[in-house]
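Engineer: Everything below, folded, please.
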Amino acid sequence: VGSPGRGPHGGLMRKPNLFSRRPLIALLSFGQAIAGSDSDYIRISFGDATYGVFVVGGTGAGKTESIMRPALSELLTHGGAGLVLDVKGDYSSMCREEFSDRTLVVGTSQGATPVNLLAGMTADRFRQVLAGFTDEMRNSTTNSNYFAAMGADAAYLIFLFVRLGLEREPTLADIAFYLTRPRDFCRDLLRAEDSGARLPPVLAEEIKQQSGNPFSILAVSGYLVRDPGYPTDKTSVEQFAWASNYLRTALGPFASNPILRQQFSASAALDFGRLLYVEGRTVVLDCPQARYGAVSSAVSRLLRLQFQDAIRLSSAATRERAGIGSTRYSFLLADEYQVHISGRNGGEVFQDADWFSTSRSYGHINIVATQGLSMLYARTDRSTVDAVVQNCRSKIFLGVEDEASLDLASLLGLDQAASVRRQLLYSSGLGTGFVYVKHCSAEGGRTVAARFACRPDTDYAFMGRYIGRDFDPLPAIDENDHQGAPFILAARP
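Structural biologist: Residues are numbered from 1 along each chain as shown. Below you'll find the predicted structure:
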């Protein structure tokens, strides 16, 4: 028998979590529900949302103003702390205007906080990140597998050198700079060795391991003959260029673009553990994909990794003190999810299927929106997409023509499949669609399926407050007027 006031296993006895039943999303039922409800509104509670919310709808269907912004507003209003991935500027301006005291914008807009995306990351974790970034090459031929690993080895050695040899936190700009200029790496490494200080054992051992490879960064830089000006074998240079090409292409902009260098290779670290569980603040990424392409996806991945690691490493006591899972929740909100999804081609470190299946146990909510299932299938492996969708008990469909999305909605629409399909194909207006909630708490655990219509005059004011309301995107930092300091890796003579 447990001690007084405690459960049978010594854990604190908790009162029923009434907050978890509070509606996070409330949709006005359009006609009679297809299954599970006689209510005017289909309510997805905070507790329901810990099982995942998946939103799908074509361009202009109303995903942002009818579903995503209202949900984000409720999460922030009630103390939620999390990560918002914004590739179009739809949320950063809203957060800056309405929730500036509860959010921190990072990215390429004016006023965004400069950060170091690698600060605090362990060397082993960075090696896993490199494996994730180069995994597409690893999945092809044996030769490309070998060369991808060699490029990752060079980046790993640079990471160790900056942290242990230069004694500061490495940045993406450091990695890109040295990969592109191996002779500079040789010169700085030799200078560190000649300074009289003994290299840390971990760094010295990695140098020893890589010195045996004739195509390594040490071989092509002149380090093995202790002369950065020494003529290097042409074949070795070509092989290293091939091996490091993917990483140099992916990371190069973080060194060459002054805005990206300033905003993502700064000195400040993002301490997600403190932001989530002490300050209760949400990080909003504002890095437009239309402008920065693959760089935007890379930033998103690294932010998500740091964010998810902080949640996974948090203790139950830390979450309980912060009220996570009882009076508020951590959350991930990602619009245009097809840009952010990570599957098997992300190595072991970037795996959305695993995250969506386990994050609920940390008092966490995932809300993602996409233009169509087909876009997700085109981005990553089908098994990951199916796993993510299946792990989202709440599915909201707005006007869409994507065949895969229509097929899923029709399947969930039971004997009203044809009607649901017509509703989505010939949408009667912005914010109209079909919703499916498995084991809906507001309906006693019954599974609910219904058509819905979002209106400004809804009984749930937060659901209508963003309909027809525009937020101007935050102005971008001007490349000709950025605030960045000159890029200096190490002291030069």
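Engineer: quick one: the strands in this protein?
Structural biologist: 23-29, 41-45, 53-56, 81-86, 103-107, 282-286, 330-334, 364-370, 394-398, 432-440, 446-453 (DSSP state E).
Engineer: Can you tell me what sits against the second one?
Structural biologist: The set of residues that contact strand 41-45 without belonging to it, under Cβ atoms under 8 Å, 6 or more residues apart in numbering, is 20-29, 33, 53, 394, 435, 437, 440-442, 448, 450, 452, 459-460. Backbone N, C-alpha and C define where each C-beta goes, glycine included.
Engineer: List buried residues within these.
Structural biologist: 20, 23-29, 33, 53, 394, 435, 437, 440-442, 448, 450, 452, 460 (16 or more other Cβ atoms under 10 Å).
Engineer: closest to Tyr292 out of the strands of the chain?
Structural biologist: strand 103-107 (9.3 Å; Cβ to Cβ).
Engineer: For that closest one, give the mean pLDDT please.
Structural biologist: Mean pLDDT, computed over strand 103-107, is 96.
Engineer: Can you list the helices and strands that that strand packs against?
Structural biologist: With contacts defined as 3 or more Cβ pairs under 8 Å, 6 or more residues apart in numbering; DSSP states H and E, the packing partners of strand 103-107 are helix 92-98, strand 282-286.
Engineer: Please render the ones you listed as CSV that adds mean neighbour count, distance to Ser410 and mean pLDDT to the earlier fields.
Structural biologist: Shown next, in CSV, are these (neighbours: other Cβ atoms under 10 Å; distance: least, Cβ to Cβ, whole Å; pLDDT from 0 to 100):
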stretch, mean neighbour count, distance to Ser410, mean pLDDT
helix 92-98, 20, 33, 94
strand 282-286, 26, 34, 96
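Engineer: follow-up on the earlier one: quick one: which of the strands of the chain is nearest Ala404?
Structural biologist: Using Cβ to Cβ, the strands of the chain put strand 53-56 closest to Ala404, at 9.4 Å.
Engineer: per-residue confidence averaged over the closest one?
Structural biologist: 98.
Engineer: again with stretch 451-470
Structural biologist: Computed over stretch 451-470, the average pLDDT equals 93.
Engineer: what's the span of that stretch, first residue to last?
Structural biologist: 26 Å (Cα to Cα, to the nearest Å).
Engineer: And for stretch 376-385?
Structural biologist: 6 Å.
Engineer: buried sites along it?
Structural biologist: In stretch 376-385, counting by 16+ other Cβ under 10 Å, buried: Leu376, Tyr377, Arg379, Thr380, Thr384, Val385.
Engineer: same deal with stretch 392-407?
Structural biologist: Neighbour-count burial for stretch 392-407 [16+ other Cβ under 10 Å]: 392-400, 402, 404-406.
Engineer: CA atoms only: put stretch 274-294 into PDB for me.
Structural biologist: Only the C-alpha atoms of stretch 274-294 are listed here, as PDB (Å, rounded to 0.1, in the frame of the first residue of the first chain):
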ATOM      1  CA  ARG A 274      14.500  26.000 -20.500                       C
ATOM      2  CA  LEU A 275      12.200  27.500 -23.100                       C
ATOM      3  CA  LEU A 276       9.600  24.700 -22.800                       C
ATOM      4  CA  TYR A 277       9.700  23.900 -19.200                       C
ATOM      5  CA  VAL A 278      10.800  27.100 -17.400                       C
ATOM      6  CA  GLU A 279       9.900  30.100 -19.600                       C
ATOM      7  CA  GLY A 280       6.900  28.500 -21.300                       C
ATOM      8  CA  ARG A 281       7.900  30.000 -24.700                       C
ATOM      9  CA  THR A 282       7.400  28.900 -28.200                       C
ATOM     10  CA  VAL A 283      10.000  29.000 -31.000                       C
ATOM     11  CA  VAL A 284       8.600  30.100 -34.400                       C
ATOM     12  CA  LEU A 285      10.800  29.400 -37.400                       C
ATOM     13  CA  ASP A 286      10.400  31.900 -40.200                       C
ATOM     14  CA  CYS A 287      12.600  30.900 -43.100                       C
ATOM     15  CA  PRO A 288      10.600  31.000 -46.400                       C
ATOM     16  CA  GLN A 289      11.200  28.000 -48.600                       C
ATOM     17  CA  ALA A 290      10.400  30.000 -51.700                       C
ATOM     18  CA  ARG A 291      13.500  32.100 -51.000                       C
ATOM     19  CA  TYR A 292      15.900  29.600 -49.400                       C
ATOM     20  CA  GLY A 293      14.800  26.200 -50.800                       C
ATOM     21  CA  ALA A 294      16.600  23.200 -49.300                       C
END
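Engineer: can I get the strands of the chain in a markdown table with distance to Leu313?
Structural biologist: Converted to a markdown table, the strands of the chain look like this (distance: least, Cβ to Cβ, whole Å):
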| stretch | distance to Leu313 |
| --- | --- |
| strand 23-29 | 26 |
| strand 41-45 | 27 |
| strand 53-56 | 25 |
| strand 81-86 | 15 |
| strand 103-107 | 20 |
| strand 282-286 | 17 |
| strand 330-334 | 13 |
| strand 364-370 | 13 |
| strand 394-398 | 27 |
| strand 432-440 | 30 |
| strand 446-453 | 35 |
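Engineer: Ok, which of these comes nearest Leu305?
Structural biologist: strand 81-86 (10.7 Å).
Engineer: Helix or strand with the lowest mean pLDDT in this structure?
Structural biologist: Each helix and strand of the chain was given a mean pLDDT (mean pLDDT, DSSP states H and E); the minimum falls on helix 135-138 at a mean of 56.
Engineer: Tell me, please, where in the chain the pLDDT is lower than the cut-off.
Structural biologist: 1-17, 135-148, 344-349, 480-493 (pLDDT under 70).
Engineer: Distance of the most centrally placed residue in it relative to Gly222?
Structural biologist: In the chain, the centroid-proximal residue (Cα atoms, centre = their mean) is Arg304; its distance is 3.3 Å. Arg304 sits 39 Å away from Gly222 when distances are taken as Cβ to Cβ, to the nearest Å.
Engineer: For Asp233, give me the backbone phi and psi.
Structural biologist: phi -60, psi 130 (degrees, to the nearest 10).
Engineer: Contact partners for it?
Structural biologist: Pro214.
Engineer: quick one, what contacts the closest residue to Gly36 other than its chain neighbours?
Structural biologist: With Cβ to Cβ, 6 or more residues apart in numbering as the criterion, Gly36 has its nearest non-adjacent residue at 3.7 Å, and that residue is Val448. Residues near Val448 by Cβ under 8 Å, 6+ apart: Ala33, Ala35, Gly36, Ser37, Ile42, Val435, Tyr436, Val437, Cys440.
Engineer: can you redo those residues as a markdown table with distance to Val420?
Structural biologist: As requested, those are arranged in a markdown table below (distance: Cβ to Cβ, whole Å):
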| residue | distance to Val420 |
| --- | --- |
| Ala33 | 12 |
| Ala35 | 12 |
| Gly36 | 15 |
| Ser37 | 15 |
| Ile42 | 14 |
| Val435 | 10 |
| Tyr436 | 9 |
| Val437 | 15 |
| Cys440 | 17 |
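Engineer: ok, back up a step: just grab the bridge partners of the residue nearest to Gly36 for me.
Structural biologist: Under DSSP bridges, the beta-bridge partners of Val448 are Val437.
Engineer: just Val368 next, same as before
Structural biologist: Counting by DSSP bridges, the residues bridging with Val368 are Phe54, Ala334.
Engineer: separation between it and Phe19?
Structural biologist: 23 Å.
Engineer: wait, Thr458 sits on Ile25?
Structural biologist: No: between Thr458 and Ile25 there is no contact under Cβ atoms under 8 Å: 11.2 Å.
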